[in-house]
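Chemist: model this:
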Amino acid sequence: MCGFPSACSFLEEGMAAIVGPKSPSNIAVLHSTCDTFQIPLLLTNWASKSQDRSHVINFYPETRVLAKAYTEFIKSDSWKSFTLIFEDNEALIRLQDILQLPTSSKTSQMKITLRHVKPDQDFTKFMKDLSKMSETNFVVDLPLHRVRELFIAADKIKMLTEYQKYLLTSLDAHTVDWAHNTIGRSNITAFQLITPDSNEFKTYLKEWIFSEQTGGKEVSSKQPITTEAALLYDAILMLSRALNELDRGRPLELKSLYCDGSATWEYGKAIISYMKILPFQGTTGNIKIDRNGQRTSFTLDVVKITKQGIEKQGTWDTEESFHYKKKEKGEFGDAKDLLKNTTLKVTTKINDPYLMKRQPENEFTGNDRYEGYCKDLLEKLAEKFGFHFIITPVKDDKHGSLVEGTWNGMIGELLRREADIAVADLSITFDREKAVDFTMPFMNLGISILFKKPAKKTPPLFSFFQPLSIEVWFYMGTAYLGITLYLFILARLSPYEWIYPSPQRPDSDTVENRFTLINSFWFMMGSLMRRGCDFLPSKESSHFAEVFAEEADIAVADLSITYDREDAVDFTMPFMNLGISILFKKPEKQSPPLFSFLKPLSLEVWFYMGTAFLGVSLFLFILARLSPYEWVNPHPCDAENEVVENQFTLLNSFWFTIGSIMQQGSDILPRAVSTRMVASSWWFFTLIMISSYTANLAAFLTAQRMSSPIESAADLAKQTTIQYGSVKDGSTMNFFKSSNYPIYKRMWSFMESQRPSVFPENNHKGIERVKMGNYAFLMESTSIEYATERDCELTRIGGELDSKGYGIATPPGSPYRGILSSGILALQESQQLQALKDKWWKVKNRCPDDSGSSSAEMGIRNVGGVFLVLGIGSFLGVIIVVLEFVWKANKMLDREPIPSMLWHELKATLSFRGSTRPAPKDGDEPSVEKMPMVNMSKIEDYKFS
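Modeler: You can find the predicted model right below:
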């Protein structure tokens, strides 16, 4: 049944079915013959589809399903590109599903290259040309003897390393003794249809060995069985089972047929139909034939070809929705074995603190010449996986960017296989990820802005005025003057403000109004300074009615809107949204220091306040002694009393000032303009000082605030005064170059238009430019953190503009990527990565913390203006007391020269003598100051009900 000298001769002999020619031309002839005479045709190799296959059953896996297995493998192994090497043009038909992998999708773009090989072509030059493409993944559709020739040529030009991956489409890879072939360290994968562990295969092997030995041949159980032989065995076995089942009803008799006759094989259709529904388990696994005669159900073993032979890696099963399953063999087991005792070439970049040269350089060799975060990371990974490494800084000192279709920097060295891995501050970007493979990021970061810290501004002398604008101060002054005059006029017009000067003498013919012009100003000043004064406007009491509640019309409380409550009553829209949370006891706070109440002000300010307290107290005492208006009759009812008294004794002076500081006042108030001037200045001083002390909130007084001209990327985009840029050809530059976000597009247009260029060659030059001023540097947040930790002139502006990570880069298809990623995750979970970062980033007590949450204590510069106001007020008090003294002395009838009188008064003051003395005699000395606005003879005439 298997020969084919002549189709008609077979028909004449009589046959139940025809099994497996190889030649496509013979298949075409037999297909036509079998279709005419309704004879089953059983094929065991690939054949192109024809329109009518009603009498054909192909035991070879259906082409599209088999190609689907290859496709699933390529996807599961994360290939980004591959080259198809083929000899027979029919391969393009068999593998058309692979060639239809997405090649234009932005998310899963696949670069596919086709390379045709002639049957007698030498592979040496062919593989050299392929090596120039930097391709690492290959699908090989060649006869096995040609595959061996291909690998020999590939090994000569180092294309059988761990970075190359080969997928063989032949299902007979198990028939080759690979131990005698140079296959290097590369990953060679194939699919296998035969299941050596199945009982069916073991039975077939025994029968085959017995048959061969019976014929006088010496065979071994280790001799490989080809897929075609196994399929042929399955086809014949399945056909015989079908014939046996059909023969049970009635005997099947073979019938001679003639090419020039019209008779057909009457049982042909029945045999074909039965074989399509017959469940069968053969040496090639489960066999299921669809209605078109194709084998669409099968299981493939995924095998890896090593020097030791064929190693099963997993299975692929059509019954599981084309799901590729890797064999459970311990995570990254092969990669661990491959990495152990391997020496990796590491490309990196000198950049603090990731990698730095140790000083002095001539004292170190090899890897000891370097130190930094990346070296420590490599050492921890090497310790974990048992590999060695050689550090070599990248030649062009670049991270890697695509320039005119060619990658430079570390990415270029990986693609040219000059390095095995790249470990540096290398950002994982979309373009780089398409070119090389990255591990899991070992550090997460984003683009941020580096800027020079604004210099601390010395607070102005009158900074205490800054909480209110000049406009507000102006209106307050105007209100002060206006209300004072208004109060003076109202007091003159109101009869209730005219009172007897001496309550003991209600029969007096005169009444007095306490709101003189000076007293009106004094009253307003006392109110403004929160000190009050010794007189108040007359007033009447008021009464308020009590309010009593009855039944409630509404309920306003912390009343939750629940289902049951809403069912009973109506609710408004909620005035507050909330939820259930957890209440927990706060940790106990540490006991504050015993004298923590002194912290709002600096020690310097406390010292000056104490000095001011002593000085003003003494100064007020002296002025009160010199001012004649502070000497008053202690008994107003006795107008003839010849003794006057001064209330500002030394103790009373201290009492007055301490009462002002404590905002409690006292029963002693100045009478003279001079002493009132000093008192007003002191009140103003204490108002500012005590208010600042109590609140410690106003940033204008309590914190030396540094204002920056920019606070975010949006601020940079809005202005053109401050230049900004990033490292030339770096990932940050490419981020702005390719961004579609309006602000970032505007920033890129600005950066691109600047001359000279705003793109420094590296981070170090960018930082130096920032320190020169008027320049902001856009760089990774981790590098900014490192720079600001060590240079107190620098600061970070705003948050991160994007989110990305630093990862270890490997050449495409590198077997080390997965195992290194697992190591990074292990280091991350054990907090070792954070410990490394703290080691190389943190510097203890290098720069003061400018971002504290508590207000800074006030220095003398913050409140110097208050002291100045106090001094000016005190100086004016001296001028006024001299004028008062001269004015009063000029009214005296019998007096000494004014300088002599002033000197004697000053000596008496400094002698701290008593506070009483004989009343002065002058020509016009009223006992009480009277300023009547109307003529009145008797007070009774002006009483009002």
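Chemist: List of residues touching whichever helix or strand V139 is part of?
Modeler: Using DSSP states H and E, V139 falls within strand 137-141. By C-beta atoms under 8 Å, 6 or more residues apart in numbering, the surrounding residues in contact with strand 137-141 are 70, 74, 79-88, 91, 94-95, 98, 130, 147, 150, 164-170, 812-813. In short, each C-beta sits where N, CA and C put it, glycine included.
Chemist: among those residues, which ones are buried?
Modeler: The neighbour-count test (16 or more other C-beta atoms under 10 Å) applied to the contacts of strand 137-141 identifies 70, 74, 79-87, 91, 94-95, 98, 130, 147, 150, 164-170, 812-813 as buried.
Chemist: Inside helices: which ones of these?
Modeler: Filtering the buried ones among the contacts of strand 137-141 for membership in helices, criterion DSSP state H, returns 70, 74, 91, 94, 98, 130, 147, 150.
Chemist: out of those, which one sits closest to F621?
Modeler: Nearest to F621 among these, counting by C-beta to C-beta, is I74 at 99.8 Å.
Chemist: How much space separates the closest one from V139?
Modeler: 8 Å (C-beta to C-beta, to the nearest Å).
Chemist: shared neighbours of these two, anything?
Modeler: Counting by C-beta under 8 Å, 6+ apart, the shared contacts of I74 and V139 are 82, 98, 167.
Chemist: Now do the contacts for the second one.
Modeler: The one in question is I98. With contacts defined as C-beta under 8 Å, 6+ apart, the neighbours of I98 are 67, 70-71, 74, 84, 112, 139.
Chemist: ok, now G725?
Modeler: Counting by C-beta under 8 Å, 6+ apart, G725 touches 751, 754, 757-760, 766, 775, 777-778.
Chemist: Buried only: go through those residues for me.
Modeler: With burial judged by 16+ other C-beta under 10 Å, the buried subset of those is 751, 758-760, 766, 775, 777-778.
Chemist: nearest to L193, of those residues?
Modeler: Comparing the buried ones among the contacts of G725 against L193 with C-beta to C-beta places L778 closest, at 57.4 Å.
Chemist: and the closest one, that one's in a strand?
Modeler: Yes - L778: assigned to a strand according to DSSP: H, G, I helix; E, B strand; the rest coil.
Chemist: In the stretch 1-150 of the chain, where is pLDDT below threshold?
Modeler: Across the stretch 1-150 of the chain, residues meeting the criterion (pLDDT under 70) sit at 1-7, 22-25, 49-53, 103-108.
Chemist: Would you map the helices across it?
Modeler: With helices called from DSSP state H, counting those that start in this stretch, the stretch 1-150 of the chain shows them at 7-13, 24-37, 63-76, 91-94, 96-99, 123-131, 144-156.
Chemist: Starting from the strand holding V139, tell me which strands it pairs with and how they run.
Modeler: Using DSSP bridges, the strands paired with strand 137-141 in its sheet are strand 81-86 (parallel), strand 165-168 (parallel).
Chemist: Make TSV from those and add distance to M733 to it.
Modeler: Listed next are the strands paired with strand 137-141 as TSV, based on distance: least, C-beta to C-beta, whole Å:
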stretch	distance to M733
strand 81-86	26
strand 165-168	34
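Chemist: Nearest to R432, out of those?
Modeler: strand 81-86 (15.1 Å).
Chemist: tilt between the closest one and helix 144-156?
Modeler: Counting by axes from the mean of the first three to the mean of the last three C-alpha atoms, to 10 degrees, strand 81-86 lies at 130 degrees to helix 144-156.
Chemist: out of the buried ones among the contacts of G725, which are inside strands?
Modeler: 775, 777-778 (DSSP state E).
Chemist: ok, those residues vs I57, which is closest?
Modeler: Closest to I57 out of these is L778 (67.8 Å), distances taken as C-beta to C-beta.
Chemist: Name whatever forms a beta bridge with that closest one.
Modeler: I449.
Chemist: Quick check, pLDDT for it.
Modeler: L778 carries a pLDDT value of 90.
Chemist: Averaged pLDDT, stretch 643-663. What do you get?
Modeler: For stretch 643-663, mean pLDDT rounds to 79.
Chemist: swap that for stretch 902-911, please
Modeler: Stretch 902-911 comes out with an average pLDDT of 72.
Chemist: Phi first, then psi, for the nearest residue to R146 once chain neighbours are set aside.
Modeler: Leaving aside its chain neighbours, R146 sits nearest to E87 (6.6 Å; criterion: C-beta to C-beta, 6 or more residues apart in numbering). With angles defined as degrees, to the nearest 10, E87 sits at phi -120, psi -40.
Chemist: from now on call the first residue 4
Modeler: Understood, numbering begins at 4; the last thing we discussed is E90.
Chemist: quick one, what contacts E90?
Modeler: 119-122, 144-146, 149.
Chemist: Now, of those residues, which are buried?
Modeler: 120, 144-145, 149.
Chemist: how about the strands in the stretch 404-553 of the chain?
Modeler: 405-406, 409-410, 424-425, 440-441, 446-448, 450-455, 501-502, 515-516 (DSSP state E, counting those that start in this stretch).
Chemist: Any chance of a markdown table for those, columns mean pLDDT, mean neighbour count and distance to T395?
Modeler: As requested, the strands of the stretch 404-553 of the chain are exported to a markdown table (pLDDT from 0 to 100; neighbours: other C-beta atoms under 10 Å; distance: least, C-beta to C-beta, whole Å):
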| stretch | mean pLDDT | mean neighbour count | distance to T395 |
| --- | --- | --- | --- |
| strand 405-406 | 88 | 14 | 22 |
| strand 409-410 | 92 | 15 | 17 |
| strand 424-425 | 95 | 26 | 10 |
| strand 440-441 | 90 | 22 | 20 |
| strand 446-448 | 84 | 18 | 22 |
| strand 450-455 | 78 | 24 | 28 |
| strand 501-502 | 68 | 17 | 101 |
| strand 515-516 | 74 | 18 | 99 |
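Chemist: Figure out which of the ones you listed is closest to R372.
Modeler: strand 424-425 (18.3 Å).
Chemist: so T318 makes contact with V305?
Modeler: Yes - T318 lies in contact with V305 (C-beta atoms under 8 Å); the separation is 6.5 Å.
Chemist: which non-adjacent residue is nearest the residue sitting nearest the centre point of the chain?
Modeler: The centre of the chain sits closest to S806, judged by C-alpha atoms, centre = their mean, with a distance of 5.3 Å. Take S806 and drop its neighbours on the chain: the residue closest to it by C-beta to C-beta, 6+ apart is G449, 5.0 Å away.
Chemist: now do E269
Modeler: Among residues not flanking E269 along the chain, K258 sits closest, at 7.3 Å (C-beta to C-beta, 6+ apart).
Chemist: What pLDDT is listed against the one you found?
Modeler: Turning to K258, the model gives it a pLDDT of 74.
Chemist: residues contacting it?
Modeler: Residues in contact with K258 (C-beta under 8 Å, 6+ apart) are 17, 266, 268-269.
Chemist: Sort out which of these are buried, if you could.
Modeler: Members of these classed as buried by 16+ other C-beta under 10 Å are W268.
Chemist: Settle this for me: L836 is touching L830, isn't it.
Modeler: Yes - with contact defined as C-beta under 8 Å, L836 counts as touching L830 (5.0 Å).
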